[in-house]
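Participant: Predicted model follows, preceded by the sequence.
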Amino acid sequence: MNATILHILNAGPLVTFQDAGRPGNMRFGVPASGPMDRASFVTANLAVGNSVDDTVIEVSMGGLQLECKSGAISFSVVGGAFFIDLDGVEYNSGVVLSIRSGQKLTIRPGKWGSWCYLAFSGKLDTTQWLGKSATHSQSGFGGGILKTGSEILVQEAVVRKYREGEIAPFTYKPFDGYARIVLGPQDHQFSSGAISKLLDSEFNLTTGYDRMGMRLDGPKLQMKDSLSIPSEPIVKGSVQVAGDGMATILLADHQTTGGYPKIATVISADHDTLTQLRPRDKIRFKMIDPDDAIKIARVRSIELKYHMDTFS
């Protein structure tokens, strides 16, 4: 059985193994984790002939450098505008290439985007937690965080030369400066001017940004009273407001329960583009009603299914 071994020359922070995640375990206190940008994750896998939930490497802005020690394998890089250097030849993100023994691969951030996905045409050999390789970044459980000096083993490695070249991008809604939200569940607990500030103001993404959430800098969203609510379930996209009135949008590795009030929730269709923002990027919010959010989610599901069918 063919195998490829890659040596990690350098791995930046928050470079992790991710599969589609482990949903259904929040009642046990286990976050779903999985990719920050699901559309790019799916595209990276399909581009090299994998299934949509196979394990990939999620590369942060810290970048990644590998050397192929043995074997040969095809790979894809999909996501933000990252630069790829394969043995001295440069490419842009959204490409399928092949690497062979002795060659080096470097992935580094370009003009925009915080995450990209490195998928191999084979099976990444990783540890699992609850049957999944998705890494929970705070604990390291799952496939794990990539470490400089360690090795990556890919089983069932194949070279799919006929797939090499640029990848047709998944044309989802580009970030236009607005994240669409549904108000609640605790919007009624905020002062009369807090909702207006949320909808009429511009917020900056701070450096307090990781797989757990993104903290925003902007007008303080004041509550009516000093509020402490019972700890309750949290979902990805929750706009949680701490006691200082500052908002945080919760992401893939968010905690499963919490006692801070949630003024709104970013709709799922906007999660992928939102997570590709970088610190100091600007965000505004646009309110829609729940029925429209459901319609948008259904349309996006159809679009993604069509995109997936182009690889079959």
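Facilitator: Nice, I can see it. Numbers count the residues shown, from 1 in each chain.
Participant: Now do the helices in the stretch 101-250 of the chain.
Facilitator: Assigned by DSSP state H, counting those that start in this stretch, the stretch 101-250 of the chain shows helices spanning 192-200.
Participant: what ranges of it fall below the confidence cut-off?
Facilitator: Where the stretch 101-250 of the chain drops to pLDDT under 70, the residues are 169-174, 226-228.
Participant: one more time with 50
Facilitator: 172 (pLDDT under 50).
Participant: so where does the residue lying closest to A47 once chain neighbours are set aside fall, helix or strand?
Facilitator: Taking C-beta to C-beta, 6 or more residues apart in numbering, and ignoring the residues beside it in sequence, A47 has S76 as its nearest neighbour in space, at 4.1 Å. Heads up, the C-betas are built off the backbone N, CA and C, glycines and all. Assigned by DSSP states H and E, S76 belongs to strand 72-79.
Participant: Now do the end-to-end distance for stretch 259-277.
Facilitator: Stretch 259-277 has an end-to-end distance of 27 Å (criterion: C-alpha to C-alpha, to the nearest Å).
Participant: Buried residues, it. List them.
Facilitator: Buried positions in stretch 259-277, judged by neighbour count with 16 or more other C-beta atoms under 10 Å: 260-277.
Participant: Give me the subset of those residues lying in helices.
Facilitator: Counting by DSSP state H, the buried residues of stretch 259-277 place H271, D272, T273, L274, T275 in helices.
Participant: want to throw these into CSV with distance to S150 and pLDDT?
Facilitator: Compiled in CSV, these are given as follows (distance: C-beta to C-beta, whole Å; pLDDT from 0 to 100):
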residue, distance to S150, pLDDT
H271, 30, 94
D272, 29, 93
T273, 32, 93
L274, 31, 95
T275, 26, 96
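Participant: Against G113, how distant is A168?
Facilitator: 18 Å (C-beta to C-beta, to the nearest Å).
Participant: Looking at the two now, which is surrounded by more residues?
Facilitator: Between A168 and G113, G113 has the larger neighbour count (other C-beta atoms under 10 Å), namely 20 against 11.
Participant: Just the CA atoms of stretch 301-310, as CSV, please.
Facilitator: Extracted C-alpha coordinates of stretch 301-310, given in CSV (Å, rounded to 0.1, in the frame of the first residue of the first chain):
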residue,chain,number,x,y,z
SER,A,301,-27.3,24.2,0.7
ILE,A,302,-28.5,23.9,-2.9
GLU,A,303,-25.6,25.9,-4.2
LEU,A,304,-23.1,23.9,-2.3
LYS,A,305,-24.7,20.6,-3.6
TYR,A,306,-24.4,21.9,-7.2
HIS,A,307,-20.7,22.8,-6.5
MET,A,308,-20.0,19.4,-5.1
ASP,A,309,-21.6,17.7,-8.2
THR,A,310,-19.1,19.5,-10.5
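Participant: How far away from the center of its chain is it?
Facilitator: 19 Å (C-alpha atoms, centre = their mean, to the nearest Å).
Participant: Name the residues of that stretch that are buried.
Facilitator: E303, L304, H307.
Participant: just checking, what packs against the strand or helix carrying the second one?
Facilitator: Put plainly, it is L304. Assessed by DSSP H and E, L304 sits inside helix 290-309. With contacts defined as 3 or more C-beta pairs under 8 Å, 6 or more residues apart in numbering; DSSP states H and E, helix 290-309 has these neighbours: helix 38-47, strand 178-183.
Participant: I'd like the ones you listed laid out as TSV, including mean neighbour count and distance to M61.
Facilitator: Listed next are those as TSV, based on neighbours: other C-beta atoms under 10 Å; distance: least, C-beta to C-beta, whole Å:
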stretch	mean neighbour count	distance to M61
helix 38-47	26	14
strand 178-183	20	20
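Participant: Does A269 touch I294 like I think?
Facilitator: No: counting by C-beta atoms under 8 Å, A269 does not reach I294; the two are 10.3 Å apart.
Participant: Neighbours of D53, how many?
Facilitator: 16.
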